[in-house]
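Q: I would like the atomic coordinates for the input below:
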Amino acid sequence: MQCIKIITPLIFFLALSNHARASDFHSPRTAALGGSAHAGPLLNDSIYLNPSFSSFLTTYSISVNYLWFKGLLHGHGLNASIQDGRSEMFQAGVAFTQAETGRSLHVASSKKLSGRLAIGLGGKFFFPDDNSYTQIRDGLLSASLILSDWLHIVGIVDNVIESSEGKARGLYRELILGTKFNIKGIVLVYFDPHLVPNIKDTSSFGHESGLEFPMMSDFFFRLGAFRNSTIPFESARGNGYGIGAGWLAPRISIDYGVSRVLSPVVTTSQSIGMTIFF
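A: Below is the predicted model of the structure:
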């Protein structure tokens, strides 16, 4: 795809950096929504949250994000991605994240089965810097159903392989039910309960929840909370909340998010991102 050529310099730039701490990735919008919105990812968020939803996002989009966090842990990180939702055959995206503990590559593809149903497949590749493990591979499967303008439901199986190396990095198999409720355009409600059957030393049940308020036609205010959920920059699971805002113009989106982790380690992260789409 022609757009892949555009992002190559961005990926090369990120590969030169050595800082951040992440196993997966949360964009500023996702962080502000407490990790939720699997049933309504915006633009390139579908690469990480729910590949099948990219079939409903009929744009080319290029995104760059920057994260910094501090507390008992501190660091920063970089991410770049591209997604093609306009291909008639199938839709696809690729993303690169640089972390203190290594680099990660995400790929995703999707296909519509009908006007309201799509399926998706994603792959994850982690390259640890500490040489403790070889390359870690995993993936996810998803299906999105647009029941109506006010209700979306998705089903996701994340970390399908669940290798021993992956579990050492917190990549446990996770079953996610994503829901989105559009209440008369006044507020968008996201509630994503999940189950991690094989995890030990913590509850296997958790959730990510979020509220998104369209303040004007192009400005959004966001709140979220999470419990027993993935904290990408800590490579752990825990509890906390998020807050943030976004501005959506005809060809560009700028988003800012704050995530406050309350446990297991108190940490505050901030992230800012820009997406260009056409």
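Q: next, the contact list for residue 60, please.
A: Applying Cβ atoms under 8 Å, 6 or more residues apart in numbering, we find residue 60 in contact with 3, 82, 83, 84, 85, 86, 277, 278. The way it works is simple: take the backbone N, C-alpha and C, and place the C-beta from them, glycine included.
Q: restricted to buried residues, select these in ChimeraX.
A: To isolate the buried members of these in ChimeraX, using 16 or more other Cβ atoms under 10 Å:
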select :3,82,83,84,85,277
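Q: which residues of the chain fall in helices?
A: Taking DSSP state H as the criterion, the chain carries its helices at 2-15, 28-32, 46-49, 164-168.
Q: and the ones you listed, which one averages the lowest pLDDT?
A: For these, the stretch scoring lowest in mean pLDDT is helix 2-15; its value is a mean of 40.
Q: before we move on, back to that, any chance of the contacts of residue 60 in CSV, plus distance to residue 190?
A: Below are the contacts of residue 60 laid out as CSV (distance: Cβ to Cβ, whole Å):
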residue, distance to residue 190
3, 28
82, 25
83, 20
84, 25
85, 20
86, 26
277, 21
278, 27
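Q: report the separation between the residue lying closest to residue 69 once chain neighbours are set aside and residue 74.
A: Using Cβ to Cβ, 6 or more residues apart in numbering and skipping the chain neighbours, the partner closest in space to residue 69 is residue 269 (3.6 Å). Distance of residue 269 to residue 74, given as Cβ to Cβ, to the nearest Å: 10 Å.
Q: looking at those two, which one has more neighbours?
A: residue 269 (29 against 15; other Cβ atoms under 10 Å).
Q: which stretches in the stretch 151-278 of the chain count as strands?
A: Shown for the stretch 151-278 of the chain, the strands assigned by DSSP state E, counting those that start in this stretch span residues 151-158, 174-183, 187-195, 205-214, 219-231, 236-248, 252-263, 267-277.
Q: nearest to residue 141, out of those strands?
A: For the strands of the stretch 151-278 of the chain, the distance to residue 141 is smallest for strand 151-158, at 4.8 Å, taking Cβ to Cβ.
Q: tell me the mean pLDDT over that closest one?
A: Summarised as a single mean, pLDDT over strand 151-158 is 98.
Q: identify the residues contacting the residue nearest to residue 69.
A: Contact partners of residue 269, counting by Cβ under 8 Å, 6+ apart, are 31, 67, 68, 69, 233, 258, 259, 261.
Q: my guess is residue 102 meets residue 125, correct?
A: No - Residue 102 is not in contact with residue 125 according to Cβ atoms under 8 Å; the separation is 10.2 Å.
Q: and those two? Which one has more around it.
A: Each of residue 102 and residue 125 has its neighbours counted (other Cβ under 10 Å); residue 102 has more, 23 against 15.
Q: hey, what's the more buried one bridged with?
A: Legend: beta-bridge partners of residue 102 under DSSP bridges are residue 99, residue 128.
Q: tell me which of the strands of the stretch 151-278 of the chain lies nearest to residue 61.
A: Checked against Cβ to Cβ, the stretch from those lying closest is strand 267-277, at 3.9 Å.
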